[in-house]
Every structure is written in C-alpha cells, then in structure tokens.
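Novice: Sharing a sequence plus its predicted fold:
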Amino acid sequence: MIVCVCKSVSDRKIRASIAEGVDSFDELQFELGVATCCGKCEESVRDVMAQTGVCASRCGVEHHTQVATLTFYERKAA
C-alpha cells in the first residue's frame, strides 16, 4: 500500500528500511523522503513504524478526536 503519495513510498519500502536498520522517523524522512512535501502521510508512516515494533510509544503520534457541532437554522418564507 502506498503510504506517501508525494514520494511514492509504500509500507513495504518503510518496513524494508526498518529491517536494514533505520530506527527513527527522522532517518526515514532522510532516507525515503516521507512527510517532506505535504506532510499528510506522517501519521501513517509513524503507524507503520509502531506496527513493526520500532517505536512502541507510537513515535509521538497524537490522535485527535474532533467533535463536530452542527447548528440547524429554520428558513422562513419571505
């Protein structure tokens, strides 16, 4: 699965880099260029790292729960 669209980096490539000794997010950024363009893949990259056991603390990922507040307005005929 492609994790970083900007640099065409897959989860396999990330796992291969980890198997070769890369053990930090900064190193992955340097080696593969992940999360250096738009940054949208950062959480996914850190998730892959956590899944492989490189970073048991989820590598600093904070999951934010957003609660949407909806307000309904009644339209009145003119």
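Specialist: Arrived safely, thanks for sending.
Novice: tell me the secondary structure for Val22?
Specialist: Classification of Val22 using DSSP: H, G, I helix; E, B strand; the rest coil returns coil.
Novice: ok, which stretches of the chain are helices?
Specialist: Chain-ordered helices for the chain, with DSSP state H as the definition, fall at 11-19, 25-32, 42-51.
Novice: who touches stretch 20-31?
Specialist: For stretch 20-31, contacts defined as C-beta atoms under 8 Å, 6 or more residues apart in numbering pick out 14, 17-18, 34-36, 42, 45-46, 49, 54-55, 59-60. To be clear about C-beta, it is placed using only N, CA and C from the backbone, and glycine gets the same treatment.
Novice: Give me the buried entries from the residues you listed.
Specialist: Using 16 or more other C-beta atoms under 10 Å as the burial test, the contacts of stretch 20-31 include 14, 17-18, 34-35, 42, 45-46, 49, 54-55, 59 as buried.
Novice: still on that earlier bit, dump the contacts of stretch 20-31 to CSV, plus pLDDT.
Specialist: Output for the contacts of stretch 20-31, formatted as CSV (pLDDT from 0 to 100):
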residue, pLDDT
Ile14, 94
Ser17, 93
Ile18, 92
Val34, 95
Ala35, 93
Thr36, 93
Glu42, 93
Val45, 93
Arg46, 91
Met49, 91
Val54, 80
Cys55, 70
Cys59, 58
Gly60, 54
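Novice: thinking again about what came up before, now the buried ones among the contacts of stretch 20-31 in TSV, with distance to Glu27?
Specialist: Output for the buried ones among the contacts of stretch 20-31, formatted as TSV (distance: C-beta to C-beta, whole Å):
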residue	distance to Glu27
Ile14	11
Ser17	8
Ile18	9
Val34	10
Ala35	12
Glu42	14
Val45	11
Arg46	13
Met49	10
Val54	10
Cys55	12
Cys59	12
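Novice: Alright, I will stop here.
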